[in-house]
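K.L.:
Here is the input, now give the coordinates:
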Amino acid sequence: MEQIPYAWLLIGAGAFWLFRIYMQGGKYRKNTTALGKVVIVTGANTGIGKETVRELAKRGATVYMACRDMKKCEEARQELIKDTCNKNIHGVKLDLASIKSIEEFADNFKKLESRLDILINNAGIMACPYMVTEDGFEMQIGVNHLGHFHLTNLLLDLLKKSAPSRIVVLSSLAHAMGPFKKNDFLSEHSYNPSKVYSHSKIANILFAHELAKRLQGTKVTVNSLHPGVVESELMRYNSIINKPILSSIANGLKWPFFKTTPNGAQTTIYAALDPDLEFVSGTYFSDCQPKKTTSVARDDELAKWLWNESDRLIKLRLAQLDLK
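P.N.:
Alright, predicted model coming up:
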């Protein structure tokens, strides 16, 4: 009789471990080479971005880590070179909260490379207190959407020249958890950190949706994705998880549900490299499979409105900076 509780304990532990494995999600298992590919990964010194660089470098790509903090970038870069035995990993300054920095990054990159095969818009900020970018945009929509919108448009000439090429836009399942604030796009009248994060993630999908249409016939594909709920620095502003008293409890509760960063990068690698996706564009993925978005994120008219409004805001700021 004494062995029965022990047996059930083993069964429970096994089931718990299997659940943990299940929650790590889909894996990209093909040995697709990235040799000869030139790739940009934004927000690449930590989390999913860093693991994306690691995997692409292992497969032979020349990777540019586009980062705001160059000290952390260089530390990560040296680690990745050592780990992958690929010296073609470069760090370039990019602050997506600054149009001036985005312009400088694009200019610098074009001096370094004559092609771009894959652009991975990975960087993001989540549920932060109300802040504004250098250009006066609310921080989450400014970094997560407007910064990447401008960066992508500045690099489209190289992507077209290098076709077939790919643009990968990281969004989130959180897009389904909040409204798109068309009438308060920059959150100037109200601000809820989590809802504005969802707002920015809807914008990511709408941007990819509209850009895919605009790039039809160019052999440049654009897809968006949900990487999963991942243990990363993206959660830095979560007040519950980061309270000293609750952090140890929260970490224990998160463990079975949250993906590791290598597993969080799998769908990005899939979208960037899978040969079967060469002609697939305007699709949303999760766990290395196509998934359906909310109806708001598939709204053609809203996608056009977002494009036009984003373009207007960027051009207005460029005129103020007298950069063009």
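K.L.:
which residue ranges form the helices in the stretch 201-324 of the chain?
P.N.:
In the stretch 201-324 of the chain, helices defined by DSSP state H, counting those that start in this stretch lie at 244-254, 261-264, 266-273, 300-321, listed in chain order.
K.L.:
List the contacts of the closest residue to P290 other than its chain neighbours.
P.N.:
Distances taken as C-beta to C-beta, 6 or more residues apart in numbering put T283 closest to P290, at 5.3 Å, once the chain neighbours are dropped. Glycine gets a C-beta too; all of them are placed from N, C-alpha and C. Taking C-beta atoms under 8 Å, 6 or more residues apart in numbering as the criterion, T283 is in contact with N223, S224, P290.
K.L.:
buried subset of the residues you listed?
P.N.:
N223, S224 (16 or more other C-beta atoms under 10 Å).
K.L.:
Mind picking the one among the contacts of T283 that's closest to D274?
P.N.:
Distance to D274, by C-beta to C-beta, is smallest for N223 among the contacts of T283, at 10.3 Å.
K.L.:
Check for me that R166 belongs to a strand.
P.N.:
Yes. The assignment for R166, made by DSSP: H, G, I helix; E, B strand; the rest coil, places it in a strand.
K.L.:
tell me the contacts of it?
P.N.:
D117, I118, L119, V220, T221, V222, N223, A271, A272, L277.
K.L.:
Output the below-cut-off pLDDT ranges for this structure.
P.N.:
Residue ranges of the chain with pLDDT under 70: 1-4, 6-10, 12-25, 229-257, 323-324.
K.L.:
Tally up the residues packed near the residue nearest to G124 when sequence neighbours are not counted, please.
P.N.:
Once flanking residues are discounted, G124 sits nearest to N144: 4.9 Å by C-beta to C-beta, 6+ apart. By other C-beta atoms under 10 Å, 28 other residues sit near N144.
K.L.:
can I assume N144 is in contact with I125?
P.N.:
Yes. Assessed by C-beta atoms under 8 Å, N144 is found in contact with I125 at 6.5 Å.
K.L.:
do you know how far A163 is from M70?
P.N.:
The gap separating A163 from M70 is 31 Å, by C-beta to C-beta, to the nearest Å.
K.L.:
just T52 next, same as before
P.N.:
Distance of T52 to M70, computed by C-beta to C-beta: 19 Å.
K.L.:
okay, these two: which has more neighbours?
P.N.:
Shown here are T52 and M70; by other C-beta under 10 Å, T52 has more neighbours (29 against 15).
K.L.:
residue contacts, that one?
P.N.:
If you count contacts by C-beta under 8 Å, 6+ apart, then T52 has V41, A44, I120, N122, A265, T268, I269, A272 around it.
K.L.:
TSV please, covering those residues and showing neighbour count.
P.N.:
Listed next are the contacts of T52 as TSV, based on neighbours: other C-beta atoms under 10 Å:
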residue	neighbour count
V41	30
A44	33
I120	28
N122	24
A265	29
T268	27
I269	24
A272	29
